[in-house]
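S.K.: I would like to see how this sequence folds:
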Amino acid sequence: MADQVERWIQGEESAQTMLARVLSERPLLILPPLHRVPLRVGNVVEIVGPSSSAKTQILIQVAISCILPKEWNGVKYGGLEHLAMFFDLDCRFDILRFSQSLKHRIMEANVNSNAICM
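M.R.: Presented below is the predicted three-dimensional model:
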């Protein structure tokens, strides 16, 4: 896994190779209500709704669950330890919002871990 991440950071993987790899792996993240739908490699899920219906917040939470480790230094984060990718075609992705949500989730896990230890 570390070797794959290092190759990805160095950019040695072409877009064609990355897409072939990603499309051949079974998605590991299935959240309610999608846990009842048999998703397969190559399926597309569209999240639609009116403005301010929490579509972006759902995707941010899914991405955070994907990238966080299961456990680190004795703290259980409950993540999947995988990469996440956003395709933002209209350049409106708010990285500050993502960063704040990630920080909140990390701090929440640390507080819960400290509460259990006491």
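
S.K.: can you confirm residue 106 is in a strand?
M.R.: No: assessed with DSSP: H, G, I helix; E, B strand; the rest coil, residue 106 is helix; it does not lie in a strand.

S.K.: Quick check: it touching residue 77?
M.R.: Yes: Residue 106 lies in contact with residue 77 (Cβ atoms under 8 Å); the separation is 7.1 Å. (C-beta placed from N, C-alpha, C; glycine too.)

S.K.: Between the two, tell me which one has more neighbours.
M.R.: residue 77 (21 against 15; other Cβ atoms under 10 Å).

S.K.: need the contact list for the more buried one.
M.R.: Under the criterion of Cβ atoms under 8 Å, 6 or more residues apart in numbering, the contact partners of residue 77 comprise 68-71, 105-106, 109.

S.K.: Give me the subset of those that lies in helices.
M.R.: Members of the contacts of residue 77 lying in helices (criterion: DSSP state H): 105-106, 109.

S.K.: Quick check: neighbours shared by residue 106 and residue 77?
M.R.: What both residue 106 and residue 77 touch, as defined by Cβ under 8 Å, 6+ apart, is the set residue 68.

S.K.: Just give me the closest of the ones in helices among the contacts of residue 77 to residue 94.
M.R.: If you rank these by distance to residue 94 using Cβ to Cβ, residue 105 comes first, at 16.2 Å.
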